[in-house]
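In: any chance you can model this:
(2 chains)
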Amino acid sequence: MSESVTGAASPAEQNRPETGWRSRLRAFYHGSEALQGYTLLSPTLLVMLFSMCAPFALMVLMSFWTQIGYEFDTAATLKNYDKVFSEPVYTKLLVRSLLISASCTFATVIISYPMAYYVAFHVHRRKMIWIILMTLPFWTSYLLRIFTWKVILGFNGVINSGLIGMGLIDKPLEFLLYNPTAVVITLTHAWAAFAILPIYVSLEKIDRSLLEAATDLGDGPMARFLRVTLPLSLPGVIAATVLIFVPTVGDYVTPALVGGPDGVMLANLIQAHFGIINNWPGGSALAIVMMGIVGLIAMTYIWLTRFAVRNIE
Amino acid sequence: MKNVSYIDRPNRPLFVYAVLFLAFLYVPVLFLPLFSFNDSQYIAFPIENWTLRWYRDMANNEPMLAALMNSIRVGAVASILSTFLGIFGAKAVTRYRIPGQEPIIAVIMAPLVIPGIILGVALLILINRAGITLSLYTVTLGHILVCVPFAMATLMTRFEGFDKSMEEASADLGENAWWTFWRVTLPMVFPGVLASLLLCFTISFDEFILAFFLGGTDPTLPLYMWGQLRFPQRLPNVLAMGACILLISFFVVFFSQWLVRRDPDSPKSAG
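Out: Next up is the predicted model:
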């Protein structure tokens, strides 16, 4: 534990005679706010740095190896990467993952925006309850939230048995479950609560006098929204987009439960490489390629939107 | 009164939308508890007979209770350690001017935006190469990694919310740093600490992807459920278990969010 911000030494320390380099070191330490801050921060930062950097470094290293039975040939080779880019099935799954994830991100942001807008601008009493209600489902079991859609969309599920019970259809609709649309619906439901927070925060920050100024200067509600509110809330929208796009590309539980053969995503293949296919180096290469492409897309997106916003302003 | 202007007047269509949105969030999840009272093994409307037997079965389900205990143990250790790391980190970044603060926060928050599967396989490779056997300990390690960002975020709100002159006053009055922390800082941030513990516990308790890759022979509750999903005849048991999990995590998270947001002297509190 380090000294407090003021750097005031306690009486005990002031009375203790100290000379030489130790006292100078002590004085330097207490004089330097940054040093004290780093000391306090170091356990957290070191744990996080180590437990992220070490695994990723090893994964990069392993992606150049070859799997032989349960052992690895550690001679460096590029053939894992060669395979990722030359096999059409990998490219197909990658493109599908990106499309599913992009649709889900788009849907999530579109449906979350009006909700965040409502709470930011039109709720004045019990705002806290609304915020908690909007975000609560995000914290509850991920597996169960996905599984519930299997129950709803399934062959004997809620929708089918409900429609049959009402006499609207004779036999269950089979197109509900096990396709990419089911994956998009499920992911949208699972992530909507997460998208709301950044959008809400950016809307809440908008200075209300700007809106009044726009109204006074003759803007109608629509023009005011498009020219003031929307541009000012874009940082929140961008944050929400990235926060949803990146993790959903790598989701494998949703496709495994509701995706069926046409809804398989790249992450399912990565998982299989560490499971039944038993080719860890191949899986590492796939994971790295996926992360690289997703990172590139996310950065291009952030850069493009910033560029666009600057040009509008 | 500052928010009330003619721009903020009630908007009925948006209100209807908000209610529909909440329905979209909550109604699908409610089907799990609903069908857990269904006497039939098949999920179908209309529900003919109601029963509590799936809940009675749970009490005698030894493997499930073992998995529950595993999850509680992992969750307790992961939440305490992540909150501990979160306190250090949050105090450092809110109380000291540190060069490179933004990239440091970005590093700590990084697990939020890394797909779970990537974290999972990368940690699996490390643990495998280090020759460590997969067990509940390795699951706990993975959970700490995903919990620390949430602990940091929760605690930073709390540290920013109280006046740092309180700590300075304590130091001026002759308390050393350790006692200042125990007698001034900790009591003030305590709601944040409690919220962080609860939130991290819930995250760990519900976490599936990392547990899937890093788990050994002892399953956590989500892993056990995943195993049960393969057997259609076990479905009602999963539903009853799921209903209990949902109910408990709703209350725990509601309480923790309320702790974070309720305080009037916190700048983030909305009102």
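In: that's a strand at A:Phe72, yeah?
Out: Yes. With DSSP: H, G, I helix; E, B strand; the rest coil as the criterion, A:Phe72 is part of a strand.
In: pretty sure it is touching A:Phe64, no?
Out: No. Checked against CB atoms under 8 Å, the pair A:Phe72 and A:Phe64 is beyond contact range at 10.3 Å. (Glycine included, C-beta is placed from N, CA and C.)
In: overlap in contacts of the two?
Out: By the contact definition CB atoms under 8 Å, 6 or more residues apart in numbering or on different chains, A:Phe72 and A:Phe64 are jointly contacted by A:Pro281.
In: so stretch A:201-208, near chain B or not?
Out: Yes. On the criterion CB under 8 Å from any CB of the partner chain, stretch A:201-208 is in touch with chain B at A:204, A:208.
In: send over that stretch as CSV, restricted to the C-alpha atoms.
Out: C-alpha atoms of stretch A:201-208 as CSV (Å, rounded to 0.1, in the frame of the first residue of the first chain):
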residue,chain,number,x,y,z
VAL,A,201,-24.6,7.1,-22.0
SER,A,202,-23.8,9.1,-25.1
LEU,A,203,-27.4,10.3,-25.4
GLU,A,204,-27.5,11.3,-21.8
LYS,A,205,-24.4,13.4,-22.2
ILE,A,206,-25.9,15.6,-24.9
ASP,A,207,-26.3,19.2,-23.7
ARG,A,208,-30.1,19.8,-23.8
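In: now B:Val193. Nearest residue, chain neighbours left out?
Out: B:Thr83 (6.1 Å; CB to CB, 6 or more residues apart in numbering or on different chains).
In: and after the host helix or strand of that neighbour, which helix or strand comes next?
Out: Secondary structure assignment for B:Thr83, by DSSP states H and E: helix B:62-95. With elements assigned by DSSP H and E, the helix or strand that comes after helix B:62-95 is helix B:101-109.
In: off-centre distance for that following helix?
Out: How far helix B:101-109 lies from its chain's middle: 21 Å, per CA atoms, centre = their mean, to the nearest Å.
In: for that helix, buried residues please.
Out: Buried positions in helix B:101-109, judged by neighbour count with 16 or more other CB atoms under 10 Å in any protein chain shown: B:101, B:104-105, B:107-108.
In: so which of those also contact chain A?
Out: Okay, of the buried residues of helix B:101-109 touching chain A (CB under 8 Å from any CB), that's B:104, B:107-108.
In: can you redo these as JSON lines with pLDDT?
Out: Below are these laid out as JSON lines (pLDDT from 0 to 100):
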{"residue": "B:Ile104", "pLDDT": "88"}
{"residue": "B:Val107", "pLDDT": "87"}
{"residue": "B:Ile108", "pLDDT": "89"}
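In: which of the residues you listed lies closest to A:Gly31?
Out: B:Ile104 (21.5 Å; CB to CB).
In: where are the low-confidence patches of the chain?
Out: No chain in the question, so chain A it is. Along chain A, the parts satisfying pLDDT under 70 run over A:1-19, A:312-313.
In: oops, wrong one, chain B.
Out: In chain B, residues with pLDDT under 70: B:1-10, B:44-45, B:262-271.
In: which residue does it have closest to chain A?
Out: B:Pro115 (2.4 Å; CB to the nearest CB).
In: what's the local residue count around the nearest residue to that residue once chain neighbours are set aside?
Out: Leaving aside its sequence neighbours, B:Pro115 sits nearest to A:Gly250 (CB to CB, 6+ apart; 2.4 Å). The number of residues packed near A:Gly250 is 25, by other CB atoms under 10 Å in any protein chain shown.
In: same check, this time on the one 5 residues further on
Out: The burial metric for A:Pro255, expressed as a neighbour count using other CB under 10 Å, is 28.
In: in whichever strand or helix holds B:Cys200, which residues are buried?
Out: Assigned by DSSP H and E, B:Cys200 belongs to helix B:186-206. By neighbour count with 16+ other CB under 10 Å, helix B:186-206 contains the buried residues B:188-189, B:191-206.
In: excluding its backbone neighbours, what's nearest A:Gly80?
Out: I think there's a mix-up here, since residue A:80 is Asn and not Gly. A:Asn80's closest residue in space is A:Ala285 (CB to CB, 6+ apart), at 3.6 Å.
In: which helices and strands sit right next to the helix or strand hosting that neighbour?
Out: Using DSSP H and E, A:Ala285 sits in helix A:280-312. Counting contacts by 3 or more CB pairs under 8 Å, 6 or more residues apart in numbering or on different chains; DSSP states H and E, helix A:280-312 is packed against helix A:33-62, strand A:66-68, helix A:79-86, helix A:88-122, helix A:230-249, helix A:266-274, helix B:116-129.
In: nearest to A:Lys150, out of these?
Out: That would be helix A:266-274 among the helices and strands packed on helix A:280-312, by CB to CB, at 16.0 Å.
In: helix, strand or coil for A:Ile152?
Out: helix.
In: for it, give me its contacts.
Out: Per CB under 8 Å, 6+ apart, neighbours of A:Ile152: A:158-159, B:28, B:31.
In: look up how far B:Ile114 lies from the one residue in the stretch 201-313 of chain A that gets nearest to chain B.
Out: Residue nearest to chain B within the stretch 201-313 of chain A (CB to the nearest CB): A:Gly250, separated by 2.4 Å. According to CB to CB, to the nearest Å, A:Gly250 and B:Ile114 sit 8 Å apart.
In: same question for B:Arg97.
Out: From B:Arg97 to B:Ile114 the distance is 29 Å (CB to CB).
In: swap in B:Thr180?
Out: From B:Thr180 to B:Ile114 the distance is 36 Å (CB to CB).
In: need the buried residues of helix B:101-109 in JSON lines (columns: distance to A:Tyr301).
Out: What follows is the buried residues of helix B:101-109, written out as JSON lines (distance: CB to CB, whole Å):
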{"residue": "B:Gln101", "distance to A:Tyr301": "25"}
{"residue": "B:Ile104", "distance to A:Tyr301": "24"}
{"residue": "B:Ile105", "distance to A:Tyr301": "21"}
{"residue": "B:Val107", "distance to A:Tyr301": "21"}
{"residue": "B:Ile108", "distance to A:Tyr301": "23"}
